[in-house]
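>>> Can you look at this prediction? I've put the sequence above it.
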Amino acid sequence: MLRILHGTKIDFIKSWRIALGVTAAFIAVGLIALVLHGGLNRSVEFTGGTLMQLEFTQPPNVADIRGAVDAAGYPNSEIQQFGTAREYTVRAAGHATASSAQVQSAATEIKAALQRKFGANNVRVSRQEIVSSRVGDEFSRNAMIAILISLGITLVYLAFRFEWRFGVAAVIATAHDLLSTLAFLAIMRLEVSLTVVAALLTVIGYSMNDTIIIFDRVRENLKKARPEPLYDVLNRSINETLPRSILTHVTVAAATLSLLLFAGEVIRPFSWIMLFGIVTGTFSSIYIAAPVLLWVEQRWPRSHGGKQGPGARSASAPPPRPSSPRTPVGAR
């Protein structure tokens, strides 16, 4: 694979408008799904309440499960099939002021009602999560703080390691990854738990690593003695790092796909986010970070001995495709 992709001369920047349109449409669909569903499908860890994973000896009737839970005094509980036809989850939201003891009592009452309905030997609680509403609010706040801190540290690091132009481009690309992933969560109706938040932070780091690799090659190419437009430098840098990126992404995707297929329902949302993050992280590094860097350079060109920097073509528009024919990258 490395030998096949060696020496490619693909003009990635040329397609930035198409890429922007595709990702904007996807995010718009996700926002519509978010509105239609009334928000993300948050887990008990964020909403507070009781989550019980049940395993029956025989496939049950969902109406019977609903009747037992309603009889226990929790008529608005969410009941979903989980994995096989014999496994279901019951999610009973806690009251806004419910304490941990009250939430625990709700779990006990639901379990007793199910055992009365199906028999103590015919239903088993294989997993149970109990979170008070206060703890759920704290989890939500801490998750948001963790994401914001990661973005802030990224901007500071890249501004120090490279320069502020690179930092701005990388943060915009990362923000794109977050929006795209939230859209994916809304469309797929995946449950947002602390595990999913961990996957989001992993996606941020993975995407940032991919962007830094390209930007580091851009910086090396800019230091070369022969002056070259930033448009060409970006394309050449992406092509030069393409073999490594493809090999890394395929390896990570294979491991993530194994988790998705064989790790079970609990870890499945994490696997979906990781798999999607590999795609969107690669996409943003090429079609978001690089064009944004070119646009920033056009707006605020660097000065080299009183002359404009290598990327200063026009500050009036985002990265254009030059009208005159150009020599392929690397063929000069």
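Received, thanks.
>>> Pro269 - how many residues pack around it?
As a burial measure, Pro269 scores 21 neighbours (other CB atoms under 10 Å). Backbone N, C-alpha and C define where each C-beta goes, glycine included.
>>> Who are the contact partners of it?
Contacts here follow CB atoms under 8 Å, 6 or more residues apart in numbering; on that basis Pro269 touches 190-193, 195-196, 199.
>>> C-terminal to the longest helix belonging to the chain, what's the next element?
Once the chain is assigned using DSSP state H, the helix that runs over the most residues is helix 230-262. Proceeding N to C from helix 230-262, the next assigned helix or strand is helix 268-284, under DSSP states H and E.
>>> quick one: contacts for Ala92?
With contacts defined as CB under 8 Å, 6+ apart, Ala92 is in contact with 49-50, 69, 74, 77, 106-107, 110.
>>> ok, 6 Å please
Applying CB atoms under 6 Å, 6 or more residues apart in numbering, one finds that Ala92 lies in contact with 49-50, 74, 77, 106.
>>> name the element it belongs to?
Assigned by DSSP H and E, Ala92 belongs to strand 87-93.
>>> tell me the mean pLDDT for the helix or strand just after that strand?
Following strand 87-93 in sequence order, the next helix or strand is helix 100-118 (DSSP H and E). Mean pLDDT, helix 100-118: 78.
>>> Which other helices and strands does helix 100-118 contact?
When contacts are defined as 3 or more CB pairs under 6 Å, 6 or more residues apart in numbering; DSSP states H and E, helix 100-118 sits against strand 49-56, helix 62-71, strand 123-131.
>>> Pick the most buried one from the ones you listed.
strand 49-56 (a mean of 22; mean count of other CB atoms under 10 Å).
>>> Show me what it is in contact with.
Contacts made with strand 49-56 from outside it, assessed by CB under 6 Å, 6+ apart, are listed as 44, 86-94, 103, 106-107, 123-130.
>>> re earlier: looking at the helices and strands packed on helix 100-118, which one has the lowest mean pLDDT?
Per-segment mean pLDDT for those reaches its minimum on strand 123-131, at a mean of 78.
>>> Run the angle between the longest helix of the chain and helix 268-284 for me.
Interaxial angle of helix 230-262 relative to helix 268-284 (axes from the mean of the first three to the mean of the last three CA atoms, to 10 degrees): 170 degrees.
>>> buried sites along helix 230-262?
By neighbour count with 16 or more other CB atoms under 10 Å, helix 230-262 contains the buried residues 230-243, 245, 248-249, 252-253, 256, 259-260.
>>> can you tell me which of the helices and strands packed on helix 100-118 comes nearest to Ser150?
Taking CB to CB, strand 123-131 is the member of the helices and strands packed on helix 100-118 nearest to Ser150, at 23.9 Å.
>>> Could you check the angle the helix or strand just after the closest one makes with helix 100-118?
Moving toward the C-terminus from strand 123-131, the first helix or strand encountered (DSSP H and E) is helix 133-161. Between the axes of helix 133-161 and helix 100-118, defined by the same axes, to 10 degrees, the angle is 110 degrees.
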